[in-house]
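Engineer: from the sequence below, what's the structure:
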Amino acid sequence: MPTLDPSDPIVLADALRAPLLRVARRLRQEAQRAGVSALDALVLGQIKRNPGVGVCGLADAEQMSRPAMSGHVKRLEAAGWISRATDTEDGRRTGLQITETGSAQMDLIRQRRNDWLAARLAKLAPADREALKAAQGPLLLLLSLEP
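Structural biologist: Numbers count the residues shown, from 1 in each chain. Next comes the predicted model:
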């Protein structure tokens, strides 16, 4: 592999974009094999990280319209993966939480994704695994730099 000049953000972005997209696509496919759409997985993850979040908060977090998120939440609720609970401080507001069934789905998604990724990581040379480990922090920083 040719040496990449990391000081040029445009060149680095061009080199990283395709591999990152392909890995993300494969991880989404593993979730779909578990019977969960990519959006299901995102919404379940948001609710797990933010128990009691409302539909508006989810819509904002996923940059979707509120009516579209509302329909998605109703579908997840009908599947038994999430439930609504009345806010203890504001009885007019309901928040969302993951049910045991939803938590089991999340565990299945995580296991499938981890299995897929671990199988490929095991085939890499130790130096390549170290390079990926070192890249974890900077990749996460990219997410925190969003406007």
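
Engineer: so which helix or strand takes in the residue most central in space within the chain?
Structural biologist: Central residue of the chain (CA atoms, centre = their mean): residue 42, 4.7 Å from the mean position. In this assignment (DSSP states H and E), residue 42 forms part of helix 38-49.

Engineer: mind giving me the packing neighbours of that helix?
Structural biologist: With contacts defined as 3 or more CB pairs under 8 Å, 6 or more residues apart in numbering; DSSP states H and E, the packing partners of helix 38-49 are helix 9-33, helix 55-62, helix 66-78, strand 82-86, strand 94-98, helix 100-121. For every residue, glycine as well, the C-beta is placed using N, CA and C.

Engineer: what is the mean pLDDT for the third one?
Structural biologist: Per-region confidence: helix 66-78 scores 94 on mean pLDDT.

Engineer: what residues sit buried inside that helix?
Structural biologist: Going by neighbour count (16 or more other CB atoms under 10 Å), the buried part of helix 66-78 is 69, 72-73, 76.

Engineer: helices and strands around that helix, which ones?
Structural biologist: helix 38-49, helix 55-62, strand 82-86.

Engineer: same thing with the fifth one?
Structural biologist: Strand 94-98 is packed against helix 38-49, strand 82-86, with contacts defined by 3+ CB pairs under 8 Å, 6+ apart.

Engineer: ditto for the last one
Structural biologist: For helix 100-121, the packing partners by 3+ CB pairs under 8 Å, 6+ apart come out as helix 9-33, helix 38-49.

Engineer: just send those back as TSV, with distance to residue 62 and mean pLDDT too.
Structural biologist: As requested, the helices and strands packed on helix 100-121 are exported to TSV (distance: least, CB to CB, whole Å; pLDDT from 0 to 100):
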stretch	distance to residue 62	mean pLDDT
helix 9-33	14	90
helix 38-49	6	90
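
Engineer: follow-up on the earlier one: ok, the residue nearest to the centre of the chain touching residue 64?
Structural biologist: No - using CB atoms under 8 Å, residue 42 makes no contact with residue 64, being 9.9 Å away.

Engineer: residue 26 reaches residue 116, doesn't it?
Structural biologist: Yes - assessed by CB under 8 Å, residue 26 is found in contact with residue 116 at 6.6 Å.

Engineer: perfect, that will be all.
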